[in-house]
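A.B. asks: take a look and give me a structure for this.
(one chain, ligands or ions: 1)
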Amino acid sequence: MQEFEFARPSLATIHRLFDEIPDRYDFLNSLFSFGTDGRWRKRLVEATHHSFVKEGRTTSFCRVLDLGAGTGKSTAEFLHSQSYGRIFGCDFSLGMLGVAHEKMGRSCDFASGDFHSLPVRSESVDVVTGSFILRSAQNLAQLFGEANRILKPGGKVAFLELTRPKNRIFWTLAYLPYLKFYIPLVGRLFSKHNHAYKFLSQSIQTFSDPGKLSAELEACGFVSLSLTTLSWGLATIIIGTKGNVA
Ligand SMILES: C[S@@+](CC[C@H](N)C(=O)[O-])C[C@H]1O[C@@H](n2cnc3c(N)ncnc32)[C@H](O)[C@@H]1O
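C.D. replies: Here you go, the predicted structure:
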């Protein structure tokens with residue numbers, strides 16, 4: 001499909017794309033989301049905490065792994081909440097991790113690795129989180145399977161992802177023009193990397209919806225799935241618990 005030629009790039013293209021934009025990533029991220037990404041990240045941290053608390057569990061000693069941590073924006077949010085034990089980040093882009101490391105120093109450990117095959121011991125983590133990474137995955141089942149493998153029994157996945165608003169009027173009059181005109185315009189003005197913003201725009205238009213993601217997580221052994229819709233559906237938080245059978 002020519003119109004969406006950048007919606008599902010190869011692993012190597014994704015890798016190159018993120019390695020080329022780390023210095024502009026935080027700035028463009030805020031510009032594209034009109035600064036709302038910060039609020040969404042806070043909601044992710046709070047919702048994850050709440051999902052433990054409502055089961056009568058504490059997160060004080062939880063080990064949290066942020067997949068596709070990038071420049072560490074969500075990793076920092078988990079860290080600053082002071083609700084969790086240890087926070088780790090993992091990403092295959094050394095460029096993005098370099099920015100994360102500069103910002104956060106030794107307060108957090110970052111490792112390089114592909115989230116389809118993680119360099120992490122089985123059943124060693126309490127929370128696997130990831131913000132805006134699912135659209136980059138080549139194989140969601142493999143990513144969810146890895147998350148399941150490294151989680152302790154009862155551990156949780158908590159993903160924040162860009163989604164499509166359900167309201168057709170909002171979609172047609174506001175969001176589609178935003179994807180088709182605002183993103184390319186801002187992308188062209190502030191980035192030399194055309195492919196990066198084309199990927200952003202096209203992957204949002206074509207990616208799976210939250211209901212299907214939730215079903216895929218269930219198929220990979222997660223239970224008690226919950227979806228939290230943010231900003232009229234522009235983003236969604238998906239939380240699930242590792243069940244007894246993987
Ligand atoms: C859209 S950025 C999100 C970064 C960060 N989570 C945030 O919230 O700003 C996607 C990140 O996922 C990373 N990524 C994409 N595919 C990956 C893979 N297969 N393994 C590890 N990291 C990956 C990219 O390098 C990039 O840093």
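
A.B. asks: helices and strands around the longest helix seen in the chain, which ones?
C.D. replies: When the chain is scanned for its longest helix (criterion: DSSP state H), the result is helix 37-53. Judged by 3 or more C-beta pairs under 8 Å, 6 or more residues apart in numbering; DSSP states H and E, helix 37-53 is in contact with helix 22-32, helix 73-81, strand 125-131, strand 151-162, strand 222-230, strand 235-242. Quick note: C-beta positions are derived from backbone N, CA and C, even for glycine.

A.B. asks: gap between the first one and the chain center?
C.D. replies: Centroid separation between helix 22-32 and its chain, computed with C-alpha atoms, centre = their mean, to the nearest Å, is 15 Å.

A.B. asks: again, but for the fifth one
C.D. replies: Distance, stretch centre to chain centre, for strand 222-230: 14 Å (C-alpha atoms, centre = their mean).

A.B. asks: just to revisit the earlier point, and the contacts of the longest helix of the chain?
C.D. replies: Outside of helix 37-53, the residues that reach it under the criterion C-beta atoms under 8 Å, 6 or more residues apart in numbering are 29-30, 33, 58-59, 62, 73-74, 77-78, 81, 83-84, 127, 129, 131, 156, 158, 160, 226, 228, 230-231, 235, 237, 239, 241.

A.B. asks: just the buried ones from those?
C.D. replies: With burial judged by 16 or more other C-beta atoms under 10 Å, the buried subset of those is 29, 33, 59, 62, 73-74, 77-78, 81, 83-84, 127, 129, 131, 156, 158, 160, 228, 230, 235, 237, 239, 241.

A.B. asks: near the ligand too, which of those?
C.D. replies: When C-beta under 6 Å from any ligand atom is applied, the members of those adjacent to the ligand are 29, 73-74, 131.

A.B. asks: and these, which is closest to the ligand?
C.D. replies: Using C-beta to the nearest ligand atom, Ser131 comes nearest to the ligand of these, at 3.3 Å.

A.B. asks: that closest one against Thr75, yeah?
C.D. replies: No - if you go by C-beta atoms under 8 Å, Ser131 and Thr75 don't touch, sitting 9.0 Å apart.

A.B. asks: what do these two both touch?
C.D. replies: Common contact partners of Ser131 and Thr75 (C-beta under 8 Å, 6+ apart): Asp66.

A.B. asks: buried residues in the helix or strand of the chain at the bottom of the mean pLDDT ranking?
C.D. replies: Evaluated with mean pLDDT, DSSP states H and E, the helix-and-strand set of the chain has its lowest mean pLDDT in helix 183-190, which scores a mean of 83. Neighbour counts over helix 183-190 (16+ other C-beta under 10 Å) mark 183, 187 as buried.

A.B. asks: likewise stretch 27-43?
C.D. replies: Under the neighbour-count rule (16+ other C-beta under 10 Å), stretch 27-43 has 28-29, 31-33, 37, 40-41, 43 buried.
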